[in-house]
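[1] With the sequence up front, the predicted model follows.
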Amino acid sequence: MVAPDAPTVTSSRSRRLAGLDGIRGLAALYVVINHVFLRAFPGYPVDHAPFWAAWFIYGRFAVVVFIVLSGFSLALSPARHGWRLDAVSEFSRRRARRILPAYWAALAFSLAVAWLIVPQPGHGVPDGTSVIVNGLLVQNIIPAHSPNAAFWSMAVEAQLYVLFPLLLLMVRRRGAAAMLATVGFVVAAVGIVGPHIPGLDTFVIQSPPDLAALFAVGILTAGIVGAGQPRRSWPWPRLALAAAAPVLAVIWWQGSVWTLDHLYWVDLALGPAIACLLAALATGPPAGRASLLRLLDARPLRRLGSFSYSLYLTHAPIVAVIYERVVVGRVATGVPAFLVSLGLVLPLTIGFAWVFATVFETPFRRAHGTSRVARRRRPRAAGVPA
């Protein structure tokens, strides 16, 4: 879920592309609302919510955004330097320092809540195996009771980090399009044959390979940001809208049961729209992206995005406590439970995540940024924004 520090086109001080923190913040907030939704409107995958809340059943779509954004952000710096990392060991060390302290602290918090107050709904009480499996980030491969419903995607993303240097090598040797085509072919093949092979079908559900293709889409998009002016001047906002509209129309027409039964392919269909949105934010002419940038780069969203990783990591235990210990038995299921839960959960999760981030995330992010200063002084490739 986490996206690394990225070069900026708007401020040498922020060292980030404008709008990315806003996207992170909105996606993390969407996941929080989704987990409240699933408790207030039981019956998944059937959507019993009114039209104004119905779309919150699709929490997986936020993960799709995070994965594309992760590949995009990680690849921005290599794209400026011939698609090369300084060293795989250095990349791994930076990723571990950026990701693991907050993750392990969130694991300890989640275990404490599950053991002392209430376990995650549908996951059972975690045991020693849960501690080891989640601590090593292999919970999507080895079955274990989960202390946190959001942790599955962290394991997938950690494994994509391992794949990242290989994908960059493919880009250097064959090009970004060939890299994406290769990953896409493998992912499509697994998606077609997986449901018919015992064992592989379970793997497809627990470790959806489609996220690897979305990660590759993000890497390709980083190359577009650094391309020549003709490619950068494409109508990326309109392309994003054109890519998203038919997918959203099909989801609305088919409904939640069909959509959630075909998430593998729906995820892949949404990838190009997210990639075009990122390209629009990073390369579009100011007149064409001013309104969207103002929204996504507004101070509240930018602030929320700055600790969105902590919000993602810590919200699920809080949602479980609020719903199971406060809402159940006191508020009617459905819209009343949804609204009351949101009124309690949103301020609590956001406030807790902010405090959590100041202790377990921000200090390591600052150290991460300091270690990159020397590397950022290297000459830039021609045609790539500063």
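    That came in fine, so what should we check first?
[2] next one: stretch 97-108 to chain centre, how far?
    Averaged C-alpha coordinates place stretch 97-108 at 16 Å from its chain's average position (Cα atoms, centre = their mean, to the nearest Å).
[3] confidence score at the most centrally placed residue in the chain?
    The residue lying closest to the centre of the chain (Cα atoms, centre = their mean) is F66, at 2.0 Å. Predicted confidence (pLDDT) for F66: 95.
[4] Check L17 too.
    Per-residue confidence (pLDDT) for L17: 76.
[5] so the residue nearest to the centre of the chain touches S153, yeah?
    Yes. Between F66 and S153 there is a contact under Cβ atoms under 8 Å: 7.2 Å. Yep, even glycine has a C-beta here, placed from its N, CA and C like the rest.
[6] mind checking how far S308 is from P101?
    Distance, S308 to P101, by Cβ to Cβ, to the nearest Å: 16 Å.
[7] Comparing the two, which shows the higher neighbour count?
    S308 (28 against 16; other Cβ atoms under 10 Å).
[8] Pull out the buried residues from the helix or strand E157 falls within.
    Using DSSP states H and E, E157 sits within helix 152-174. Using 16 or more other Cβ atoms under 10 Å as the test for burial, helix 152-174 gives 152-161, 164-165, 167-168, 170-171.
[9] Pull that helix out as CSV, backbone CA atoms only.
    Extracted in CSV, the C-alpha atoms of helix 152-174 (Å, rounded to 0.1, in the frame of the first residue of the first chain):
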residue,chain,number,x,y,z
TRP,A,152,-3.0,-9.5,3.2
SER,A,153,-2.1,-6.8,0.7
MET,A,154,1.0,-5.9,2.6
ALA,A,155,2.4,-9.4,2.0
VAL,A,156,1.6,-9.1,-1.7
GLU,A,157,3.3,-5.7,-2.0
ALA,A,158,6.4,-6.9,-0.1
GLN,A,159,6.7,-9.7,-2.7
LEU,A,160,6.3,-7.2,-5.5
TYR,A,161,9.3,-5.3,-4.1
VAL,A,162,11.3,-8.5,-4.5
LEU,A,163,10.1,-8.6,-8.1
PHE,A,164,10.8,-4.9,-8.8
PRO,A,165,14.6,-5.2,-9.7
LEU,A,166,13.8,-8.0,-12.2
LEU,A,167,11.1,-5.9,-13.9
LEU,A,168,13.5,-3.0,-14.2
LEU,A,169,16.0,-5.4,-15.8
MET,A,170,13.4,-6.4,-18.3
VAL,A,171,12.7,-2.7,-19.1
ARG,A,172,16.4,-2.0,-19.7
ARG,A,173,16.8,-5.0,-22.0
ARG,A,174,13.5,-5.1,-23.8
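[10] what's that helix packed up against?
    helix 60-80, helix 88-116, helix 176-193, helix 210-225 (3 or more Cβ pairs under 8 Å, 6 or more residues apart in numbering; DSSP states H and E).
[11] So which of the ones you listed is nearest R24?
    With Cβ to Cβ as the criterion, R24 lies closest to helix 60-80 of the helices and strands packed on helix 152-174, at 6.9 Å.
[12] okay, the angle between that closest one and helix 210-225?
    Computed by axes from the mean of the first three to the mean of the last three Cα atoms, to 10 degrees, the angle separating helix 60-80 from helix 210-225 equals 40 degrees.
[13] What helices and strands are in contact with helix 60-80?
    Applying 3+ Cβ pairs under 8 Å, 6+ apart, one finds that helix 60-80 contacts helix 20-40, helix 152-174, helix 210-225, helix 263-283.
[14] how much distance is there from stretch 106-120 to the middle of the chain?
    Distance of stretch 106-120 from the chain centroid (Cα atoms, centre = their mean) equals 23 Å.
[15] and it, which residues are buried?
    Of all the residues in stretch 106-120, those buried under the rule 16+ other Cβ under 10 Å are 106-107, 109-111, 113-114, 118-120.
[16] Columns pLDDT and distance to F51 on top of the residues you listed, output as TSV?
    What follows is those, written out as TSV (pLDDT from 0 to 100; distance: Cβ to Cβ, whole Å):
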residue	pLDDT	distance to F51
A106	97	34
L107	97	37
F109	98	36
S110	97	34
L111	97	38
V113	97	34
A114	96	35
V118	95	31
P119	94	33
Q120	92	29
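[17] With distance to G199 as new columns, can those residues be given to me in CSV?
    Putting the buried residues of stretch 106-120 into CSV (distance: Cβ to Cβ, whole Å) gives the following:
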residue, distance to G199
A106, 30
L107, 28
F109, 33
S110, 29
L111, 29
V113, 33
A114, 29
V118, 33
P119, 28
Q120, 25
